[in-house]
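A.B. asks: The following block contains a protein sequence and its predicted model.
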Amino acid sequence: MCGIVGYIGKREAASVLLDGLKRLEYRGYDSAGIAILKDKRINVAKIVGRVKQLAESERIRALQGTTGIAHTRWATHGKPSERNAHPHGDCTSTIFVVHNGIIENYKELKQNLEQEGHTFTSETDTEVIAHLVEKFKKEGNNLETSVKKSLKLMKGAYAILVMAEFEPETLVAARLSSPLRIGIGTNEFIIASDPSAILNYTQEIVTLRDGEIAVLEEDGYTISSLEENRIIDREAEQVEWDLEQAEKGGFAHFMLKEIFEQPETIENSLRGRVMVDEGLVKLGGLDAVKEELRQIERLTIVACGTAYYAGLVGEYMIEEYAGIPVETCIASEFRYRKPILIPKKDAVLVLSQSGETADTLAAVSEAKEKGILSLGIVNVIGSTIAQNTDAGIYNHAGPEIGVASTKVFVSQLTVLALFTLFLGRQRQMSLTMGKRITEELLKIPDHVRTILETDKSIFEITQRYVNYPDFFFLGRKYNYPIALEGALKLKEISYIHAEGGSSGELKHGPIAMIDPNFPSIFICPKDSVYEKNLSNMEEVKARQGKIIAVATEGDDEIQKIADEVIFIPKTLEMLTPLLSVIPLQLFAYHAAVLKGKDVDKPRNLAKSVTVE
Ligand code: AGP
């Protein structure tokens, strides 16, 4: 996620801005930049690399002044490069903007501006904002009005800071779906994406809300609403967090913060990609291979760990709703077996959060060697897998700090549902089915919010079961991979032994393990295999096995069998994994905390496995 810092006051802005960027480094970034105004001139320094390098660069020494903006970029549009780093300027290099978020309609806005004679220097969506402000300034508007007029043309998410030589003592801030806060100092203001960049200077913080715009000058600030244009009187809050808490947004661990971010993560993965009326999806990253994808007759999905389990869910989705045979392989196996792949008929899809996993990368090379179309669903923009595949879809989930993947896993499932729709609507899927799936997809973020509200009861269940030495996680069809993922989550952060499996397989051996000391967690939503799951639960019950069930809201039957029940809202069967995994993530998290483990950095694990 990008980081934004702005300053206006009495101090040298450079030191405050660089300190703020350092506080935001935990968010993950690939480049950084700063713009400071001095004697009515704005000077800019940017770097691909770390904030420390920017702070030590020769150019930074020339940046004096008491008003400035700064940014750490986590690439979404355009690879990591100096020219894509923020701040971005207009044609005259006298107006500069930093931005966190995604402008969905930037291509259309950019084309219009280019037709009006504007020249662009970057590949980013953000640069459009600087040229829009320039356009409206030329029509005689002040900075605030120029920004407001620009924002009204933009679709998507943004937190922005704008400064301009024609109004040197002013900073304009605005937000929609991307956080922005104002620290109220003594005759100074620090504006930032999150409190960690502000708390060094003040604990008095005003949080901008969606659709609001702030105009800051040295001696004061105003907040107004973009739509009604009315002034808003907003009390500052006293933020007591220490810096470490601020980086985690007040959560105890990054993993918990990322679990609770999942509604927004799904919204970001869906943003600008769903066309309900047409029952279609827009996946710009597949435009170049659209016709090749129409022709393929088989798909091989390849990934590792949690990403592999997401691929298994995708297998069920694509086979059922796109009618294409799918095989999902563990990357470390795929690369050493003899996969039979036929050019034009086969395609390989890899999933990877980091985009650097060695085994997955090798699978891409193997596919390319055989002349097979390779696609990637990747979270890190410009990562090696993203560069090496022929086409792909970015998760737009923001950086995931916790080693155990949570929000990116759910984003992978979201993108796989979009990909299923894409392939299905190229084939036999009807408009009606396409509309049904897109409508249900758009409800998922609120369903996740509903589950997160039950965290306290999930914690209480975890307290009752945390001392058992072994667990089964069991599910069928779409939720069989979720059983595997639930077991992995518990193992990798709490170090409690857990085994994931298919409920239907129990009687073929594993049931020998069942006794009162070996609980089973069943994922048993009201779906096409519900009755089958119930009978598997009866088998466990008959052997005094304890049962925790993840079930659909309103299911009265399951409480007669299970010892504990965690409810999830009803949704399409193919989308239940996006919900059923949430309780399992929380169960694993609470178990690890109760056992005093290092939740964000579990022993023996790395966030990106770049070796075989
Ligand atoms: C995630 O919880 C695991 N730590 C791990 O299995 C991970 O999913 C796997 O290493 C794949 O990583 P990638 O998505 O970055 O390729």
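C.D. replies: Alright, I've got the coordinates.

A.B. asks: What ranges in the stretch 301-450 of the chain fall below the confidence cut-off?
C.D. replies: Filtered on pLDDT under 70, the stretch 301-450 of the chain yields no residues whatsoever.

A.B. asks: ok, which stretches of it are strands?
C.D. replies: Here the stretch 301-450 of the chain has its strands, by DSSP state E, counting those that start in this stretch, at 326-330, 346-352, 373-378, 391-394.

A.B. asks: next one: the stretch 501-612 of the chain
C.D. replies: All strands of the stretch 501-612 of the chain, identified by DSSP E, counting those that start in this stretch, fall at 520-524, 547-552, 564-568.

A.B. asks: Out of the ones you listed, flag the one nearest the ligand.
C.D. replies: Comparing these against the ligand with CB to the nearest ligand atom, the closest turns out to be strand 520-524 (17.3 Å). C-beta: built from backbone N, CA, C; applies to glycine.

A.B. asks: So which elements touch that closest one?
C.D. replies: If you count contacts as 3 or more CB pairs under 8 Å, 6 or more residues apart in numbering; DSSP states H and E, strand 520-524 packs onto strand 470-475, helix 480-494, helix 530-541, strand 547-552, helix 576-594.

A.B. asks: Please repeat the previous calculation with a cut-off of 10 Å.
C.D. replies: Under the contact criterion of 3 or more CB pairs under 10 Å, 6 or more residues apart in numbering; DSSP states H and E, strand 520-524 touches strand 470-475, helix 480-494, strand 497-502, helix 530-541, strand 547-552, strand 564-568, helix 576-594.

A.B. asks: most packed of the strands of the stretch 501-612 of the chain?
C.D. replies: Among the strands of the stretch 501-612 of the chain, ranked by average contacts under mean count of other CB atoms under 10 Å, first place goes to strand 520-524 (a mean of 30).

A.B. asks: so what strands line up beside that strand?
C.D. replies: strand 470-475 (parallel), strand 547-552 (parallel) (DSSP bridges).

A.B. asks: Partner strands of the helix or strand encompassing V97 and their direction?
C.D. replies: Using DSSP states H and E, V97 maps to strand 95-103. Sheet pairing for strand 95-103, assigned by DSSP bridges, gives strand 88-89 (antiparallel), strand 156-164 (antiparallel).

A.B. asks: The ligand contacts on the stretch 501-612 of the chain?
C.D. replies: Residues of the stretch 501-612 of the chain lying close to the ligand (CB under 6 Å from any ligand atom) are 605, 608-609.

A.B. asks: circling back: turn the strands paired with strand 520-524 into a markdown table, including mean pLDDT and distance to R83.
C.D. replies: A markdown table is the format used below for those (pLDDT from 0 to 100; distance: least, CB to CB, whole Å):
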| stretch | mean pLDDT | distance to R83 |
| --- | --- | --- |
| strand 470-475 | 98 | 48 |
| strand 547-552 | 98 | 48 |
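
A.B. asks: Tell me the residue of the stretch 301-450 of the chain that sits nearest the ligand?
C.D. replies: Going by CB to the nearest ligand atom, the ligand is nearest to G305 of the stretch 301-450 of the chain, at 1.9 Å.

A.B. asks: thought that residue was touching Q412?
C.D. replies: No. Assessed by CB atoms under 10 Å, G305 is found out of contact with Q412, at 11.4 Å.

A.B. asks: who has more neighbours, those two?
C.D. replies: Set G305 next to Q412 and count neighbours by other CB atoms under 10 Å: Q412 wins out with 30 against 23.

A.B. asks: The residue nearest to that one when sequence neighbours are not counted: what's it in contact with?
C.D. replies: Distances taken as CB to CB, 6 or more residues apart in numbering put A310 closest to Q412, at 3.8 Å, once the chain neighbours are dropped. Listed by CB atoms under 10 Å, 6 or more residues apart in numbering, the contact set of A310 reads 301, 303, 328, 351, 353, 377, 405, 408-416, 481-482, 485, 577, 581.
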